[in-house]
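Undergrad: Just a sequence and a predicted model for now, questions to come.
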Amino acid sequence: MKKTETTTEYSLQTRLLFAVSILLFIFLGLTGMVLDRAFRDSIEAGVAEQLQLQIYLLLAYAEEEGGEFYFLEDLREPRFGRLNSGLYGFISSAVEGELWRSDSALDLQFQDNQVLQQHVATGETAFTTIRSADNEQLFAVSYGILWEDGESEYTFTVMETSEPYLSEISGFRASLWSWLGGVAVLLLALQLILMRWGLSPLHRMAKDLKLIESGEREQLEGVYPRELRGVANNLNLLIKTERKQQARYRTTLGDLAHSLKTPLAVITGLMENLFQGRGEVLSGDVKQQVAAVEEQLERMNQIVSYQLQRAVTADSSSTLARQVRVAAVIRKILDALVKVYADKQVHYELDLDETVIFPGDERDLMEIVGNIVDNAFKYGSSMVRITAGVAESAKTCRELVIFVEDDGPGIAPDKRQFVLQRGARADTLATGQGIGLAVVTDIIGSYNGSINVGESDLGGASIEVRIDLVISPVVVN
Amino acid sequence: MKLLVVEDESLLRQQLVQGLTSAGFVVDDAADGKSGLYYATEFDYDAAIIDLGLPELDGLSLIRQVRGMNKNFPVLVLTARGDWQDKVGGLDAGADDYVVKPFQIEEIKARINALLRRAAGFAKPKLEFGPLALDLSAKRLTVHDRMVDLTAYEYKMLEYLMLHPGQVISKTELTEHLYAQDYDRDSNVLEVFVRRLRQKLDPDQTLRPIETVRGQGYRFSVPAA
């Protein structure tokens, strides 16, 4: 069963930064709006208060006779007397409309002509904004009074152009938002620094895990914050348990192999002893049966070997597999084989990239290299060439490539697939067929790799192994 | 040639001892690593066959300790698992070759012969000294290309001497490497064998390949032609 994940996940830092930024912008935006509103309200309240004073001024000096208003003295506020000064006074009645306007307002026209005919109850004050015919905004305060005769109700209105106040508000607004912007940037920068500091134990843990993966560390070391301590301890326990289990599994397999293969060796020896030198005495029938028993013994041996190797392989593609230096393993195997094939005096050529790593268990790499190089030594006449390095691949960009060539008779093109056959069951292997390359094919399969047999320019076979360096090993059930 | 076999499975050990003895080897056997180490320490062997999965002291540690004592006889490792970690581990610890279980006794004999020959510095399975040629695989002697009949003991003695050319081999050493422990060491049978060998190898007494070194033993050498 294969399982791959292709979702792109944002990092914790990006997520936190994103969330905090949104929060920060909402908070600062609302703060800005509230401050802006408060300032505007306070300005308008100030304006209303001032205009109210002007109304009292008008009230103090106003004289009425026959429904007409006049002022005996000059008003203390000169802006009432100056045309288009920006401060305008009106006296009106809801029934008769406008009764008096100050000199400053002689030119003033409104978009809504009913503006001065609105009724304001006695003693009440109304604050509004209105627009002149020139589309100028004006603040207006109207005050309803009951005249001395006890009957007539009039409305005193003072208007002032909002221009200076609006520019004051927009000045405030500009400085408010630029300050808030500055604060936002500062807070974001602070947030980033704090987050890095806050998340640094997680970064450290990730780094430590990488070191464990690369085999440079055995477990998570160092002091972690309280919240992570449990995770670190559990991870350490998991790693330890996994390694222990792996070791125990292998020991058990070793014991099993020992206890199965030793009796097989005994039976083989007994058969040999029983029938040694009695070839002529035995009848054809018995000979056939002896041959059948020997064949079955050989088959049992192959099944045991094959299944044990497979079991070890399936177990080893663990997520916490270490990374193994390929060159070192190849040299180890070569040292061993040179000893074993001392009689043959095989010369070997090495072209190894010292930095290239195998993304998995050392045992697996040893099985791959051991079986392939052993074949090269066995079948080669006098020359073996081993090349190991990294190549670009279409799938993942980088892959490990191991080339083993010899100058032996080579493998005929029609046999090439056969020698690599990956037996799902060992008993599908033909009798006499070595299990070495089938096991190699299985191991390489579990690492998403490929193996190819070709012809070498040395004259013999060339075996090419390719294993992805990026995709993690697939778990084979 | 004297061999040490260390294997815990008694039937398999018996088979090995029997097969190797019938092939002309003198064999000591041990059932666990500790007694294997005792034998290897106390006696001198030409080669050893050691199983990797041993009780008391495992095969790898046994080989390491033997090598640590500067015992350089060739070691053939028997492995049940047969994976490369085991093979490389054994060879790395100081073994010279491996055989994966189960095996045919013939394979063991062939490997041991090859190891003995290699240890003596011969690359080919035929030892040639002037007109004398000893074929280790066929166990056959030719002098001037003529086959010479040898008894089993004569062959064993000649093989041992020819594998240690130029060295003085004491009578005790010869006895130990050619006969089982309970053999009567005072017997003068060695001298009888040497005399008979000299007659068969060199009837004209021109080569004198086996020299008696007074008070020390025998030395095999053939002067360059």
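TA: Alright, I've got the coordinates.
Undergrad: going forward, measure contacts between C-alpha atoms and count neighbours the same way
TA: Fine.
Undergrad: And the pLDDT at A:Arg425?
TA: Turning to A:Arg425, the model gives it a pLDDT of 42.
Undergrad: ugh, typo on my part, it should be A:Ala394
TA: A:Ala394 is given a pLDDT of 66.
Undergrad: Equivalent analysis for A:Arg204, please.
TA: 86.
Undergrad: what about it, neighbour count?
TA: 15 (other C-alpha atoms under 10 Å in any protein chain shown).
Undergrad: Surely it is within a strand?
TA: No: going by DSSP: H, G, I helix; E, B strand; the rest coil, the assignment for A:Arg204 is helix, not a strand.
Undergrad: gap between it and chain B?
TA: Distance of A:Arg204 to chain B, given as C-alpha to the nearest C-alpha, to the nearest Å: 34 Å.
Undergrad: ditto for A:Ser446
TA: As judged by C-alpha to the nearest C-alpha, A:Ser446 and chain B stand 18 Å apart.
Undergrad: Quick check: the residue of chain A nearest chain B.
TA: Nearest to chain B in chain A, going by C-alpha to the nearest C-alpha, is A:Ala265, at a distance of 3.9 Å.
Undergrad: residues contacting that residue?
TA: B:Leu12, B:Lys101, B:Pro102, B:Phe103, B:Gln104 (C-alpha atoms under 8 Å, 6 or more residues apart in numbering or on different chains).
Undergrad: Let's see that with 6 Å instead.
TA: Contacts for A:Ala265 were tallied using C-alpha atoms under 6 Å, 6 or more residues apart in numbering or on different chains; they are B:Lys101, B:Pro102, B:Phe103.
Undergrad: same question, A:Val324
TA: Here A:Val324 is in contact with A:Ile357, A:Phe358, A:Glu362 (C-alpha under 6 Å, 6+ apart).
Undergrad: If we use 10 Å, what do you get?
TA: A:Ser214, A:Gly215, A:Val356, A:Ile357, A:Phe358, A:Pro359, A:Gly360, A:Asp361, A:Glu362, A:Arg363, A:Leu365 (C-alpha atoms under 10 Å, 6 or more residues apart in numbering or on different chains).
Undergrad: Number of residues surrounding residue 174?
TA: All of this is about chain A. 12.
Undergrad: should've been chain B
TA: Look at B:Leu174: counted by other C-alpha under 10 Å, it has 19 neighbours.
Undergrad: Wait, it touches B:Glu154, no?
TA: No: when contacts are counted by C-alpha atoms under 10 Å, B:Leu174 is not listed as touching B:Glu154 (11.8 Å).
Undergrad: which residues do these two both contact?
TA: B:Leu190.
Undergrad: So which residue is dead centre in chain B?
TA: Closest residue to the average C-alpha location of chain B: B:Met1 at 3.3 Å, with C-alpha atoms, centre = their mean.
Undergrad: Return the distance of that residue relative to chain A.
TA: 21 Å.
Undergrad: quick one: contacts for that residue?
TA: B:21, B:24-27, B:45-47, B:113, B:116, B:156-157, B:159-160, B:163, B:174-179.
Undergrad: so what pLDDT did it get?
TA: B:Met1 is given a pLDDT of 85.
Undergrad: Number of residues surrounding A:Ala189?
TA: The number of residues near A:Ala189, taken as other C-alpha under 10 Å, comes to 12.
Undergrad: Can you check the pLDDT for it?
TA: The predicted local confidence for A:Ala189 is 92.
Undergrad: Can you show me the strands along the chain?
TA: Picking chain A for this. Using DSSP state E, the strands found in chain A span residues A:62-65, A:68-71, A:87-93, A:97-101, A:125-131, A:137-146, A:153-161, A:324-325, A:347-352, A:357-358, A:383-393, A:397-406, A:450-455, A:461-468.
Undergrad: Let me rephrase: I mean chain B.
TA: Counting by DSSP E, the strands of chain B are B:2-6, B:26-30, B:47-51, B:75-79, B:97-100, B:126-129, B:132-135, B:140-143, B:146-148, B:168-169, B:210-213, B:217-220.
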